[in-house]
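J.: Structural data only, the sequence is not supplied:
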Ligand SMILES: NC(=O)C1=CN([C@@H]2O[C@H](COP(=O)(O)OP(=O)(O)OC[C@H]3O[C@@H](n4cnc5c(N)ncnc54)[C@H](OP(=O)(O)O)[C@@H]3O)[C@@H](O)[C@H]2O)C=CC1
Ligand SMILES: O=C(O)C1=N[C@H](C(=O)O)C[C@H](O)C1
C-alpha cells in the first residue's frame with residue numbers, strides 16, 4: 001500500500017483552514033500532521049514531517065510562509081489571495097534555488113469557478129464590453145478578489161490576442177469608485193454583504209445582446225475537491241503551477 005501524503009495546514013483555525021483540515025482528515029490517502037495558525041511555530045510542520053503545506057492565511061503573511069516552506073524543501077498549495085505578477089516572480093526566484101519543490105497557487109479552487117474563468121476567456125474576443133461583479137462575505141480582507149483579478153487578466157489577454165478595440169465608455173464625470181476599479185483595462189466591481197460566501201458574474205455586451213457567466217460558491221466545501229486535487233498533484237509538479245487548469249486538463 002502507498003504511504004499517505006503528510007499534510008500541514010497554515011491558517012488552520014480560519015474559515016478555509018478548518019474546512020481543509022476536515023477534508024484532509026477524511027481523505028484516506030492523506031494524513032493531517034500539522035495545524036498551524038497565527039502565533040504558532042512554522043517548524044512544527046517540518047518537525048511533523050509535512051510533505052505538503054496548504055496555505056489559507058492572509059496576503060500579509062503568505063509570502064513569508066512560502067519562502068520558509070520552499071527553503072525547507074516542502075511543497076506548497078496556496079489559496080491565499082494577493083498574488084501580483086511581482087509576487088509570482090519572487091516565488092519563481094525562490095524556486096530556482098530549489099528545483100525539486102512544487103508550488104501551486106490557485107486564485108480559486110472551485111471547479112465551477114475555474115470553468116467560469118475559462119468560459120470568460122473564450123467569450124472575451126466576441127464582445128465589445130466586459131465587466132466583472134464579484135460578491136463576497138463582509139469579513140473578506142481584500143478587494144477586489146483574487147478570482148476577479150485573475151479573470152480580468154485572462155479576459156484582457158484574450159482581447160489583446162484577438163486585437164479587440166478598447167471598450168466603449170463615455171464616462172466623463174465619475175464619483176470615486178462608481179465605475180469600480182480598472183484591472184488590466186477591465187472594470188471590476190466589489191460587493192461585500194452578510195449572507196454571501198463567494199460569487200462572481202462576468203457580464204459581456206455587444207450590439208443587441210449580452211452574455212452573463214455566473215458562478216456561486218454557496219459553501220466552503222465547494223473548494224475542497226480542488227484543494228485535495230492540488231495536494232495530491234503538487235508533489236509531482238516541481239516549479240510554479242498557477243491555477244487548477246493544468247490539473248483538470
Ligand atoms: N483560492 C481559493 O479558492 C480561496 C481563497 N481564499 C483566500 O484564503 C485566504 C483565507 O481566507 P479565510 O479562511 O476566509 O480567512 P480567515 O481570516 O478566516 O483565516 C485566515 C487564518 O490564518 C491565520 N493566520 C494569520 N497569520 C498567520 C500566520 N502567520 N501563520 C498561520 N496562520 C495565520 C488567521 O489568524 P487570525 O485570525 O488570528 O489573524 C486566521 O485564522 C484569503 O486570502 C482568501 O481570499 C478563500 C477561499 C477560497
Ligand atoms: O475570501 C474568500 O472568501 C475568497 N477568496 C478568493 C478570492 O479572493 O478570489 C476565492 C474565493 O472567491 C473566496
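T.: Now that the structure is in, tell me what you want to look at. Fair warning: this is a prediction, and the values are worked out from it, not measured in the lab. Ligands and ions are numbered 1, 2, ... in the order given.

J.: how much space is there between the spatially most central residue of the chain and ligand 1?
T.: Closest residue to the average C-alpha location of the chain: residue 107 at 1.2 Å, with C-alpha atoms, centre = their mean. To ligand 1, residue 107 is 6 Å away according to C-beta to the nearest ligand atom, to the nearest Å. (C-beta placed from N, C-alpha, C; glycine too.)

J.: how about the residues of the chain that lie near ligand 2?
T.: Residues of the chain lying near ligand 2 by C-beta under 6 Å from any ligand atom: 81, 107-108, 136, 140, 145-147, 198.

J.: out of these, who has the most neighbours?
T.: Ranked by neighbour count (other C-beta atoms under 10 Å), those have residue 108 at the top, with 27 neighbours.

J.: wait, is that residue part of a strand?
T.: No: counting by DSSP: H, G, I helix; E, B strand; the rest coil, residue 108 is not found in a strand; it is coil.

J.: which other residues reach the longest helix seen in the chain?
T.: Secondary structure of the chain per DSSP state H: the longest helix is helix 146-161. Residues from elsewhere that reach helix 146-161 (C-beta atoms under 8 Å, 6 or more residues apart in numbering): 81-83, 107-108, 113, 116-117, 120-122, 124-125, 130, 132, 134, 183-186, 188, 190, 198, 200, 202, 243.

J.: Report the closest residue of this structure relative to ligand 1.
T.: Using C-beta to the nearest ligand atom, the closest approach of the chain to ligand 1 is made by residue 14 at 2.0 Å.

J.: Skipping its backbone neighbours, what lies nearest that residue in space?
T.: residue 56 (5.9 Å; C-beta to C-beta, 6 or more residues apart in numbering).

J.: Now do the contacts for the one you found.
T.: By C-beta under 8 Å, 6+ apart, the residues touching residue 56 are 9-11, 14, 16-17, 20, 79-80.

J.: can you map out the helices along the protein?
T.: Using DSSP H, helices in the chain cover 15-26, 43-47, 62-72, 85-96, 111-123, 146-161, 224-234, 245-248.

J.: Give the buried residues for the fourth one.
T.: So the one you mean is helix 85-96. 91, 94-95 (16 or more other C-beta atoms under 10 Å).

J.: ok, now the third one?
T.: Within helix 62-72, the residues that count as buried by 16+ other C-beta under 10 Å are 62-63, 65-66, 68-70, 72.

J.: which helices and strands does it pack with?
T.: If you count contacts as 3 or more C-beta pairs under 8 Å, 6 or more residues apart in numbering; DSSP states H and E, helix 62-72 packs onto strand 52-55, strand 75-78, helix 85-96.

J.: Reformat those as JSON lines; add mean pLDDT.
T.: Shown next, in JSON lines, are the helices and strands packed on helix 62-72 (pLDDT from 0 to 100):
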{"stretch": "strand 52-55", "mean pLDDT": "98"}
{"stretch": "strand 75-78", "mean pLDDT": "98"}
{"stretch": "helix 85-96", "mean pLDDT": "97"}
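
J.: how about those in TSV, adding distance to residue 46?
T.: Formatted as TSV, these follow (distance: least, C-beta to C-beta, whole Å):
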stretch	distance to residue 46
strand 52-55	9
strand 75-78	12
helix 85-96	16
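
J.: and of those, who's closest to residue 230?
T.: strand 75-78 (4.4 Å; C-beta to C-beta).

J.: Name the strands paired with that closest one and say parallel or antiparallel.
T.: With DSSP bridges as the test, strand 75-78 is paired with strand 52-55 (parallel), strand 102-105 (parallel).

J.: who's in contact with it?
T.: The contact list for strand 75-78 (C-beta under 8 Å, 6+ apart) reads 51-55, 62, 65-66, 69-70, 101-106, 227, 230-231, 234-235.

J.: For PyMOL, write the select line for the buried members of the residues you listed.
T.: If you want just the buried ones from these in PyMOL, going by 16+ other C-beta under 10 Å, the selection is:
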select buried, resi 51+52+53+54+55+62+65+66+69+70+101+102+103+104+105+106+227+230+231+234
